[in-house]
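**Q** give me the fold of what follows.
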Amino acid sequence: EIVRVQMHLASRGLYATTVCGGPAPIGRGLAIVEAFVEAGATRDAREPAVRAALAGGLHAIVAACRPLVAGSSLEVQGVAVPPDGALWPTPHSKLFDFSRPDPAIDDVARAARARMTEAGELVIGHGDWRAEHVRFDGDRIVGAFDWDSLCLQREPALVGVIAHGFVCDWSRTPPPPAPTLAEARAFVADYERARGHAFSADERRLCGAVFAYSCAYTARCGAESFRALVAAHAARLTDL
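**A** The predicted model follows:
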């Protein structure tokens, strides 16, 4: 299903690499072969023009994939919507252990979780759409990677997840810091401009809740800049 959606986007010139073969079994998993792409360069997503391009690119993916949503078997983004009754999903890596409480962060996540009322359109999007995975020629997106992050998600929840991490490039040492609350709000505003209308009150509530929860999750993974962001704003993180 990832390959089907990826090829749908590639055929429309929307950033995705072309799949040349697969998926096929390899070891304990599956492999695909993609066209080699070396065009473009990474950019600093804190630059307003780059931030706006990322927000517009995310919306372009959402819009192009609308015809595929009804029949899609893609999974819902796990971090954004944890299982009912659970504060945290299973961490995405065995490097992280959430079994020991961290009250300050857990309280932020718990408050955010309580605000997660389903709202907005179900869409297909790139669940890890951030600076590290996108290539630019000037201010124009010319390619993107990590398409196994395609997911089904409520649109405001998708935007909340991406707003929390759009500046991140974990390949750098040290990695760039978390976005400021103002930068995250600006990303949401850029997305709304690309969308052509603002989120409703219920959609905004979900977007802010998922943003706060995602920041808390990344803080729980030990990212110091996210721990600082959560400590500085706590409950105000939901006010996106």
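**Q** skipping its backbone neighbours, what lies nearest the residue nearest to the spatial centre of the chain in space?
**A** Among the residues of the chain, residue 162 comes closest to the average C-alpha position under Cα atoms, centre = their mean, at 3.3 Å. Excluding the flanking residues, the one nearest residue 162 by Cβ to Cβ, 6 or more residues apart in numbering is residue 129, at 5.0 Å. Where you see a C-beta, it was placed from the backbone N, CA and C, and this is true even at glycine.
**Q** could you check how far the lengthiest strand in the chain is from the centre of its chain?
**A** Ordering each strand of the chain by length in residues (DSSP state E) puts strand 19-26 first. From the chain centre to the centre of strand 19-26 is a distance of 25 Å (Cα atoms, centre = their mean, to the nearest Å).
**Q** what is that strand packed up against?
**A** helix 2-10, strand 29-34 (3 or more Cβ pairs under 8 Å, 6 or more residues apart in numbering; DSSP states H and E).
**Q** tabulate these (JSON lines), appending mean neighbour count, distance to residue 62 and mean pLDDT.
**A** Shown next, in JSON lines, are the helices and strands packed on strand 19-26 (neighbours: other Cβ atoms under 10 Å; distance: least, Cβ to Cβ, whole Å; pLDDT from 0 to 100):
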{"stretch": "helix 2-10", "mean neighbour count": "18", "distance to residue 62": "11", "mean pLDDT": "97"}
{"stretch": "strand 29-34", "mean neighbour count": "13", "distance to residue 62": "22", "mean pLDDT": "95"}
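**Q** who are the contact partners of residue 198?
**A** Neighbouring residues of residue 198 by Cβ atoms under 8 Å, 6 or more residues apart in numbering: 192, 204.
**Q** return the distance of it relative to residue 106.
**A** Using Cβ to Cβ, to the nearest Å, residue 198 is found at 32 Å from residue 106.
**Q** ok, now residue 19?
**A** Relative to residue 106, and taking Cβ to Cβ, residue 19 is found at 40 Å.
**Q** related to what we said a few turns ago, quick one: residues contacting the residue nearest to residue 162.
**A** Contacts of residue 129 by Cβ under 8 Å, 6+ apart are 54, 57-58, 61, 144, 149, 162, 166.
**Q** please pick the buried ones from those residues.
**A** 54, 57-58, 61, 144, 149, 162, 166 (16 or more other Cβ atoms under 10 Å).
**Q** filter those down to the ones in helices?
**A** Secondary structure from DSSP state H places 54, 57-58, 61, 162 of these in helices.
**Q** tabulate these (CSV), appending distance to residue 117 and pLDDT.
**A** Formatted as CSV, these follow (distance: Cβ to Cβ, whole Å; pLDDT from 0 to 100):
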residue, distance to residue 117, pLDDT
54, 27, 98
57, 28, 98
58, 22, 98
61, 25, 98
162, 20, 97
